[in-house]
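Student: Return a 3D structure for these sequence lines:
(2 chains)
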Amino acid sequence: MIHSLFLINPSGDIFLEKHWKSVVSRSVCDYFLEAKEKALEPEDVPPVIHTPHHYLISIYRDKLFFLSIIQTEVPPLFVIEFLHRIAEMIQDYFGECSETVVKDNMVMVYELLEEMLDNGFPLATESNILKEMIRPPTILRSVVNTLTGTSNVGDTLPTGQLSTIPWRRAGVKYTNNEAYFDVVEEIDAILDQSGTTVFAEIQGVVEACVKLSGMPDLTLSFMNPRLLDDVSFHPCVRYKRWESERVLSFIPPDGNFTLMTYHVNAQNLVAIPVYVKQSISFFESGSGGRLDVTVGPKQTMGKTVEGVMVTVHMPKTILSVNLTATQGSYIYDNGTKLLVWDIGKLNPQKLPNLRGSLSLQAGAPKPEENPSLNIDLKIQQLAISGLKVNRLDMFGEKYKPFKGVKYITKAGKFQVRT
Amino acid sequence: MNGHRGFSVLRSEAVGAVRTALVSAENLQLTLKTELSQEEQHLKPHTHTNGGPDETHTKGYCTEVNDDLKEMLESNKESLKLEAMKRIVGLIAKGKNASELFPAVVKNVASKNTELKKLVYVYLVRYAEEQQDLALLSISTFQRALKDPNQLIRASALRVLSSIRVLIIVPIMMLAIKEAASDMSPYVRKTSAHAIQKLYSLDPDQKEHLIEVIEKLLKDKSTLVAGSVVMAFEEVCPDRIDLIHKNYRKLCNLLVDVEEWGQVVIISMLTRYARTQFTSPWKEDSVFDEHSVRAFYESDEEKTRDETEAKAYVMDPDHRLLLRNTKPLLQSRNTAVVMSVAQLYWHLAPKNEVSIVTKSLVRLLRSHREVQYIVLQNIATMSIQRKGMFEPYMKSFYVRSTDATHIKSLKLEILTNLANEANISTILREFQTYVKSQDKQFAAGTIQAIGRCATNISEVTDTCLNGLVLLLSNRDETVVAESVVVIKKLLQTQPTQHSDIIKHMAKLFDNITVPMARASILWLMGEYCERVPKIAPDVLRKMAKSFTSEEDIVKLQTVNLAAKLYLTNSKQTKLLTQYILNLGKYDQNYDIRDRTRFIRQLIVPNDKSGALSKYAHRILLAPKPAPVIQSAYKDRDRYQLGTLSHTINTKASGYLELSDWPAVAPDQSVRNVEVIEPVKEEEEEEEEEGSGSSSSDDSSSSSEESGSDAESSVEKNSSQSSEESDKSSSQSEKSSSESDTEKKKRKTKKPLQKKTVKPTAKDSDSDENRNVAKEARSSSAEESSSDSESDSDTDADSGTEHKKKTKSKAKPKVEVKSNEEVSLLNLDDFTPAPLTQLKSSVLSPSLLGDLEGLCLSNVSSAIQVSGPAFVPEKSHDLLHRMTGKGLSAQYQFPRQPCLYQPTMVSVQISLTNTSDHPLEQIHIGDRSPTGLNIHCFNTIECLEPEASVTVSMGIDFNDSTQAANFQLCTKEDHFSVSIQPAVGELFLPITMTELDFHKEQGKLLGMNESSATITMAAENMTSQPISRPVATVANLGVVPSGQDNVHRFAGKTASSGAVVLVTVELRELSTALITINTEKSVMGSMLLRDLKQALAQA
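Tutor: Residues are numbered from 1 along each chain as shown, chains lettered A, B, ... in the order given. Alright, predicted model coming up:
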């Protein structure tokens, strides 16, 4: 299956290699680097590259390329999914996934990779198991390690791998037992010039942070499970109970995990929390143009819209912008032609506005298309679909856990065409 | 602190010393070897470099560092060694060569320090291939570890041993694998499955022996092993499909519990298997499909088969089993699993079932960019064959400006595939936005897509063409060029009335610089030169001027145009043509010189030119077939979806072809399995428990395993048939007969089975509580547990028999009523399914028993649904005759368990026609909320004046008193009506003993309890009047009470089956305390309010 893995930074340096079968020379990466050269953006590098003897499957994530070498037929998604798990694992262990972090923890990353695959086939990918085998670094632990000469590699061998609930490690103990759930909903929308919704849908995810001792068996129920149209679960969720009773019943992994993702029934109309009034125009003469954008709250269910940010990919021919914002501040990067207007909280009384002039490069023709606006926003304490958690019950353990649910609505891929 | 540290250092040193002594024998050997190898290395210092560019440069530096490291490794201090190993592994990770250190490293292979040992393993596996002789020294350590009592040490030893790619140790590996394959620990067995692949790639000659091991491991029942062994099977002997037969059903049933990566492998293997073993489910279903699909889908081959074989198609129960057991995996978080289920459905499911995968595939589009890429590719292939599948999700394929280029073009591809007469206007409007995109490559792609839509949908051809002509005045060159090319293709399909467009293009010609576009225009001029007789020669004139500076492709078309004009209009163009031909003769490009020479011979008559020139006109101006613009994904489905081969559109090495369906299904009985002795599993159970890891779960899992054991093939058959009958009542007869035969079979097998069943039956009681948690998760486990239960029942265990009878007595009503509909019922759901008693909800409908008129629900205590204590006559208005234009409707709650679905509340509706004309086609229309689950009554064709009819329907109120709104429709009218149930109607009465009552009550305290004290009239102080008003208010059963002044009632909610317990305690001064225990606290408080009111009044 997966033969080798190379980690490559955006400038094309290979800084980590791992082989699970016999060694493949790193010259194989040349094919990939060639494709990378051709692509304008790193995102445009094709994920699957066919070379005479190998197949290269890569992902680009957190400014790093994870390139795997394949020799025989394998479902490409299998490899892609696994590569993402590696990135998530690094993130989980070291707090972020970047070149420096990997370089600083080279040995540990290498050890983890060794445990994750055997002969190219995934062996242990659950973070709970891995953490039992190789403990994540903490400041305290690294101090202790240097003093006593002990290491991060666990002496106890992973028990989770042997049990039928591989996602949970055994013998979990907490003094404060708590379980928190975040219901995060993202609105994906495309609005056209006039503000009409071309396409909108809500994607939700229930993130959990469960710190409970022993083997708790949790049941989470919703007030209105009918809203959920399509769901996918963490392996711990018992599918049959969802089918019959529409409740989530599970023995949770220890720590942070994604309990479920869902899609809200498309028949329900999606409430769009903000409206955008915009006019971007270029003068026929081609010397410049005007930009005027106003953002206002629309269907917010009485909550404040926070963290509003408007991002515009300006046409290549724009030379400079001269704008004034009534609220927040804007940054224009002339290299990437990216205009970012950070508004912050929306005040319904005084709508934020950004206006001013754009100047074009001398002699450049009038841009054909107006750039589209990407909106970012956040609403606390609201799930825009109206989904509500009904209750959380715990069985199997005696203590009373502390429970909490938080709702957040965010903009996903929220785009306004102009 | 300091002292303590000093001590620990001392101790570690001491330990090190002891260790050195212990392994001194090995060390002796090693040191001898070391020197030798160093010499060897001096002789050929560059042999083992792996080609890194910086290696040769830093060689000197490397050796220096290596000396340092060697020193550290040789020291006695554990920490120094560890530090050295870390640095070495760091070197390996960076791709630097560290093979020189092999002798120094390998000495530490027996270290007691886990991390050090692991690092040495890493090193060993990396360099063993290059230093074979030295690697051999470590083998004995692993051989010893293979006998270690700790399963994890055994496993890791096997893992490293098998990763050492040295041919000499093949026999040792083989032996180790064979031994590990019968290890007690499933984890070791899993490792051995991995080792099989490694050994096979090292020495393919071992194939035969390895197949034996695979065969053995395939029989393994552990979910841990399943994925790995199937992986080994796929790699070593994918053609030995016969090994799968006996394990097919087991694999299907285990699938849900296998780890996600194993699932992918198993599903793809089972897809191939199914294509060889079952007959095609497709032809039969095409009858039900819409015509379009039929036309699209049926290949010729299938049609011929249609004719030859008119026999009705019956799906093999094993085929159905596979489809059913993979379906839940569509909900997996792992995109690879979802994709593999989708491809399984695509390749195996009847046509009308494939669309259930759509939603999940569309969900994957939310995932990472790379996932999107693969999924979109597969959707592109699917959408060509079946537009209908993805059309409702068309908007999910709308392009965002932030998408990566390849994602954009795939989305475009799919949108084009989905275009049809109905949605083309929407799609074209969307395309309009794309054409203006800043990403010009994408804009060009959009224009091609418009071209394809125009050819596919004749209604919009003209619109598209006009739109494209408008684009010709676009400022961007690529857009214009692409438009020209597409217009050229479109014009070719219907050239008659488009001379205007050609003229327009001729005008634009001067401004267009993209060679392909210029060439296209020239070709158009030449091809239709008779339609534009004045312009064409002029264009040629311009071309003659600029000929030398044109691109090759344009030059070729110029020569072409010249030739065509010479033939049609030689008077005007003779000189021009000659001039161009002369230029072409001396062109640098040999293609152009060749072409010129050819054309000259063809068109200019001279003595040497043969007969060909007579036909020049016919050759050059022959009518040409219009190009077919079609998708690049047209033939992609020759590769199995989701595979690498599909993605790269060529056969990847190791790709296993998906065979065509066999015309006649091979023998089904090969999949029947003989009873397997469960002895080994029991041992395992002990072992696992002994290892002390979360013992309860381990044992529950293994008892589950043995459960599926007991299930064996015979049982599975029956469960399948029952499941099927579950699906369609029409098939129920068949399945019942099937299950009859099944029963007979079982009787004959009884003596054999008894042995296997016994432990399970025993377990199932004692383990119940522990099982609870796990079982609910997995369908297969559930089946197995319920099956084993039914086993124990039919095995005439007198105790269970007795129990069963009492159960069946407990709800005679259900049985009588449900004679017809029996296959629709999930009887187990009648039993209360409180959350504290997950078990009951876990049982799958075991219809075998139901068909016998028995209920197999295994409720541990004697909690049974009983008949209603009291049915109030009161009926409510649903539709008044005034508003209903003569139709009046009333409803009442008969308080019977609903026939249609156990979660529904049954409602009786009496419809009366008070008008003077007959009302036709009375039925139920739209409902809200939309998800509302109603079982409608059959449409009443005609209701005569003054006649009335009573129908019953089922409504799933979902345990809330929210009104169910729906429309009552007649032929002419729609009336919106709503049924608002009183909270008491949402219960089903249950009977239980007082003891059980207390037990249940004990579980529902605190938040789940609500109580109130009321004053009530003195005449109500006797028992009878108390139960009466309570029963009137709520559909609850009376629980016999030992005390005179305490009355108890019990019920469960219809939808979720939560237990509701009501206690009325009479006190002095005609007060009473009402206590309600239920986890549905909202319902509890509502019920309390109603009861308070009722009792105070009474």
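
Student: Tell me if I'm right that A:Asn9 and A:Leu16 touch.
Tutor: No: using CB atoms under 8 Å, A:Asn9 makes no contact with A:Leu16, being 10.0 Å away. Glycine gets a C-beta too; all of them are placed from N, C-alpha and C.

Student: low-confidence ranges in the stretch 201-350 of chain A?
Tutor: Within the stretch 201-350 of chain A, the stretches with pLDDT under 70 are A:265-268, A:286.

Student: interface residues of it facing chain B?
Tutor: Residues of the stretch 201-350 of chain A lying close to chain B by CB under 8 Å from any CB of the partner chain are A:201, A:203, A:215, A:217, A:219, A:226, A:229-241, A:243-245, A:247, A:249-251, A:258, A:261, A:263, A:265, A:267, A:313, A:315-316.

Student: Give me the number of neighbouring residues for residue 135.
Tutor: You didn't pick a chain, so chain A it is. For A:Arg135, the neighbour count with other CB atoms under 10 Å in any protein chain shown is 16.

Student: not quite, I wanted chain B
Tutor: By other CB under 10 Å, neighbour count at B:Ala135 equals 22.

Student: Let me know whether it touches B:Leu124 as I believe.
Tutor: Yes: B:Ala135 lies in contact with B:Leu124 (CB under 8 Å); the separation is 6.6 Å.

Student: where do the contact lists of those two overlap?
Tutor: Here B:Ala135 and B:Leu124 have B:106, B:164 as joint contacts, going by CB atoms under 8 Å, 6 or more residues apart in numbering or on different chains.

Student: if we can go back for a sec, among A:Asn9 and A:Leu16, which residue is more densely surrounded?
Tutor: More neighbours surround A:Leu16 than the other of A:Asn9 and A:Leu16, with 23 against 16 (other CB under 10 Å).

Student: That one pairs with what?
Tutor: Note on A:Leu16: beta-bridge partners by DSSP bridges are A:Leu7.

Student: Show the contacting residues for it.
Tutor: A:5-7, A:102, A:106, A:109-110, B:93-94.

Student: Reformat those residues as a markdown table; add neighbour count, distance to B:Gly1006 and secondary structure.
Tutor: Listed next are these as a markdown table, based on neighbours: other CB atoms under 10 Å in any protein chain shown; distance: CB to CB, whole Å; DSSP: H, G, I helix; E, B strand; the rest coil:
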| residue | neighbour count | distance to B:Gly1006 | secondary structure |
| --- | --- | --- | --- |
| A:Leu5 | 22 | 53 | strand |
| A:Phe6 | 23 | 57 | strand |
| A:Leu7 | 23 | 53 | strand |
| A:Val102 | 20 | 50 | helix |
| A:Met106 | 20 | 53 | helix |
| A:Val109 | 23 | 48 | helix |
| A:Tyr110 | 21 | 51 | helix |
| B:Ala93 | 23 | 55 | helix |
| B:Lys94 | 17 | 60 | coil |
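
Student: Dump those residues to JSON lines, plus pLDDT and distance to A:Phe402.
Tutor: Formatted as JSON lines, the contacts of A:Leu16 follow (pLDDT from 0 to 100; distance: CB to CB, whole Å):
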{"residue": "A:Leu5", "pLDDT": "93", "distance to A:Phe402": "41"}
{"residue": "A:Phe6", "pLDDT": "93", "distance to A:Phe402": "45"}
{"residue": "A:Leu7", "pLDDT": "93", "distance to A:Phe402": "40"}
{"residue": "A:Val102", "pLDDT": "90", "distance to A:Phe402": "36"}
{"residue": "A:Met106", "pLDDT": "88", "distance to A:Phe402": "39"}
{"residue": "A:Val109", "pLDDT": "90", "distance to A:Phe402": "35"}
{"residue": "A:Tyr110", "pLDDT": "89", "distance to A:Phe402": "39"}
{"residue": "B:Ala93", "pLDDT": "88", "distance to A:Phe402": "42"}
{"residue": "B:Lys94", "pLDDT": "87", "distance to A:Phe402": "46"}
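
Student: What is the nearest of these to B:Thr326?
Tutor: A:Leu5 (29.7 Å; CB to CB).

Student: Name the residues of the stretch 351-500 of chain B found near chain A, please.
Tutor: For the stretch 351-500 of chain B, the residues in contact with chain A (CB under 8 Å from any CB) are B:359-360, B:362-363, B:366, B:368-371, B:373-375, B:395-396, B:398, B:400-402, B:404-406, B:430, B:433, B:436-438, B:474-476.

Student: which of the residues you listed count as buried?
Tutor: Neighbour counting with 16 or more other CB atoms under 10 Å in any protein chain shown marks B:359-360, B:362-363, B:366, B:368-371, B:373-375, B:396, B:398, B:400-401, B:404-406, B:430, B:433, B:436-438, B:474, B:476 as buried within those.

Student: Just the residues you listed: which are in helices?
Tutor: Judged by DSSP state H, helices contain the following of these: B:359-360, B:362-363, B:369-371, B:373-375, B:405-406, B:430, B:433.

Student: which residues touch residue 404?
Tutor: I'll assume chain A. Contact analysis of A:Gly404 by CB under 8 Å, 6+ apart lists A:178-181.

Student: Not quite, go with chain B.
Tutor: A:41, A:43-44, B:369, B:373.

Student: Retrieve the pLDDT associated with it.
Tutor: Here, the pLDDT recorded for B:Ala404 equals 88.

Student: Now it. Nearest residue, chain neighbours left out?
Tutor: A:Glu43 (4.3 Å; CB to CB, 6 or more residues apart in numbering or on different chains).

Student: Touching, that neighbour and A:Tyr60? I think so.
Tutor: Yes: using CB under 8 Å, A:Glu43 makes contact with A:Tyr60 at a distance of 6.1 Å.

Student: What number of residues are in the vicinity of the closest residue to B:Ser653 other than its chain neighbours?
Tutor: Spatial nearest neighbour of B:Ser653, excluding adjacent residues (CB to CB, 6+ apart): A:Thr72 at 5.4 Å. When neighbours are defined as other CB under 10 Å, A:Thr72 has 16 of them.

Student: what sits against A:Thr72?
Tutor: A:1, B:652-654.

Student: how far does the helix or strand harbouring B:Thr461 sit from the chain's center?
Tutor: In this assignment (DSSP states H and E), B:Thr461 forms part of helix B:461-471. Centre-to-centre, helix B:461-471 and its host chain are 42 Å apart (CA atoms, centre = their mean, to the nearest Å).

Student: could the ones in helices among the buried ones among the residues of the stretch 351-500 of chain B next to chain A go into TSV alongside distance to A:Asn353?
Tutor: Listed next are those as TSV, based on distance: CB to CB, whole Å:
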residue	distance to A:Asn353
B:Lys359	41
B:Ser360	43
B:Val362	37
B:Arg363	38
B:Arg369	34
B:Glu370	39
B:Val371	39
B:Tyr373	39
B:Ile374	43
B:Val375	40
B:Thr405	34
B:His406	38
B:Glu430	30
B:Thr433	26
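
Student: tell me the two of these that are most distant?
Tutor: So, those by CB to CB: farthest apart are B:Ser360 and B:Thr433, at 28.4 Å.

Student: neighbour count winner among A:Glu43 and A:Tyr60?
Tutor: Between A:Glu43 and A:Tyr60, A:Tyr60 has the larger neighbour count (other CB under 10 Å), namely 24 against 15.

Student: Tell me the bridge partners for that one.
Tutor: Here A:Tyr60, judged by DSSP bridges, has bridge partners A:Phe65.

Student: Now for it: which residues touch it?
Tutor: A:Tyr60 touches A:42-43, A:45, A:66, B:369-370, counting by CB under 8 Å, 6+ apart.
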